[in-house]
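**Q** have a look; sequence and predicted model below, questions after that.
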Amino acid sequence: MAQAARRRGNVNVWPGFVDALASLLLVIIFVLLVFVLTQFYLGEVLSGREQTITRLSRQLNALTDMLDIERSNNAELKVNIGHLTDQLAASTAERDKLQAQVGQAEADRQRVAMLQNDVDALQALKAELEKKVADLGAQAGEAQGQLAQEKQLSAEARAQAALLNQQLEAMRQEIAKLNAALEASETQTTQQKVEIADLGKRLNAALASKVEELERYRSEFFGRLRQIIGDRPGIRVEGDRFVFQSELLFASGSADIGTDGQAQLAQLAQTLVEVTKQIPADINWVLRIDGHTDKVPISTQQFPSNWELSTARAVSVVKFLVAQGLPAEHLAAAGFGEFQPIAKGDDPASLAKNRRIEIRLDQR
């Protein structure tokens, strides 16, 4: 009985301990699983926020660049408007001066005409008085008693005729002076017209010379480009435009220049730098980069329409050319969207042809 009592006193606790350890292990695994899931969720949220911040930063940079370009264009327009205003003011002053001289000449002509009318009136009065004197002389023998009166009238008529002759002579001298002044004014006006015409001819000749010089450099520009590109697909020269198909530079719906596009543009930029260095400083030239898209609409957060996409692509090319050494003050970017197509069809080939970047050498 003592042995049986000792067996009942030694209770086996090992199964309970194992169950407790198993429960604790399950709790730990559950906590770790919750922790891992929480970390994964937080990582996804943070990654999405970083992508959003990166995209917004790119948009902000693009908008800042576009604002800088617009400010630069606005400043250039203000300078050009100032020059044009000064030229207009000078032309207006010259026109007013010529109009004043013409008005003075017209006034002189009117005064001469009035004096001529006065001279004609005086000559008529003189003729009438002379006729009256002759009539009085013819009637002198009719009445001896009226001789004194006739002599008095004749003397008065002669005195009045002499006074009229003096006035007529003075008017003739005044008319001669006015005619001389009028001739001098007309001569000066003629000389000024000749000088203005000569100045216009010289200005036109200078402008034509600059245009011809720019055309010569433009011909050399496109000639060098034709030698470089040869028969490469997607690159061509059409008239005064050098055309890149967008697929060579950009991925679909993107304004970032790809690796192959950078290689193409780098080779082009090297030639552009060599050619533009030969253009004289007094030629006001600009290399315009035009972006074009097809008519397929786009609506993304970065590019709400084809306007933004075409403009962003043109700006990307301008920035790349500046980085390659071209002067920024001689570069301009413009976006035309889908509104300047060169192919009218809706087939894939026509749409691809309309997606392009055009480079044009022009006079600013």
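**A** Happy to help now that I have it.

**Q** mind listing the strands for the stretch 201-350 of the chain?
**A** Here the stretch 201-350 of the chain has its strands, by DSSP state E, counting those that start in this stretch, at 235-238, 241-245, 285-292, 331-335.

**Q** worst-scoring helix or strand of the chain, pLDDT-wise?
**A** In the chain, no helix or strand scores lower on mean pLDDT, DSSP states H and E than helix 2-9, which sits at a mean of 50.

**Q** I'd like the next helix or strand past it.
**A** Sequence order places helix 14-138 as the next helix or strand after helix 2-9, per DSSP states H and E.

**Q** average pLDDT across that following helix?
**A** On average, the pLDDT along helix 14-138 is 75.

**Q** for it, name the packing helices and strands.
**A** Other helices and strands packing on helix 14-138, by 3 or more C-beta pairs under 8 Å, 6 or more residues apart in numbering; DSSP states H and E, are helix 147-229, helix 306-323, strand 331-335. Quick note: C-beta positions are derived from backbone N, CA and C, even for glycine.

**Q** need the least confident one among those, by mean pLDDT.
**A** Here the helices and strands packed on helix 14-138 differ in mean pLDDT, and the lowest is helix 147-229 at a mean of 65.

**Q** still on that earlier bit, could the strands of the stretch 201-350 of the chain go into TSV alongside mean neighbour count and distance to residue 266?
**A** As requested, these are arranged in TSV below (neighbours: other C-beta atoms under 10 Å; distance: least, C-beta to C-beta, whole Å):
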stretch	mean neighbour count	distance to residue 266
strand 235-238	15	14
strand 241-245	20	13
strand 285-292	21	15
strand 331-335	20	16
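
**Q** can you redo the ones you listed as a markdown table with distance to residue 346?
**A** Output for these, formatted as a markdown table (distance: least, C-beta to C-beta, whole Å):
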| stretch | distance to residue 346 |
| --- | --- |
| strand 235-238 | 22 |
| strand 241-245 | 18 |
| strand 285-292 | 16 |
| strand 331-335 | 22 |
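
**Q** test my guess that residue 270 contacts residue 324.
**A** Yes. Residue 270 is in contact with residue 324 according to C-beta atoms under 8 Å; the separation is 7.2 Å.

**Q** what count of nearby residues applies to the residue nearest to residue 109 when sequence neighbours are not counted?
**A** Leaving aside its chain neighbours, residue 109 sits nearest to residue 182 (6.5 Å; criterion: C-beta to C-beta, 6 or more residues apart in numbering). Neighbours of residue 182 under the rule other C-beta atoms under 10 Å: 18.

**Q** likewise the one 4 residues further on?
**A** Applying other C-beta under 10 Å, we find 15 residues neighbouring residue 186.

**Q** how near is it to residue 344?
**A** According to C-beta to C-beta, to the nearest Å, residue 186 stands 61 Å off from residue 344.

**Q** one more: residue 109?
**A** On the measure of C-beta to C-beta, residue 109 and residue 344 end up 64 Å apart.

**Q** do residue 123 as well
**A** Distance of residue 123 to residue 344, computed by C-beta to C-beta: 83 Å.

**Q** which residue of those two possesses the greater neighbour count?
**A** The neighbour count for residue 123 versus residue 344, taken as other C-beta under 10 Å, is higher for residue 123 (13 against 7).

**Q** got a list of what the more buried one touches?
**A** Shown in contact with residue 123 (C-beta atoms under 8 Å, 6 or more residues apart in numbering): residue 168.

**Q** right, I'll call it a day here.
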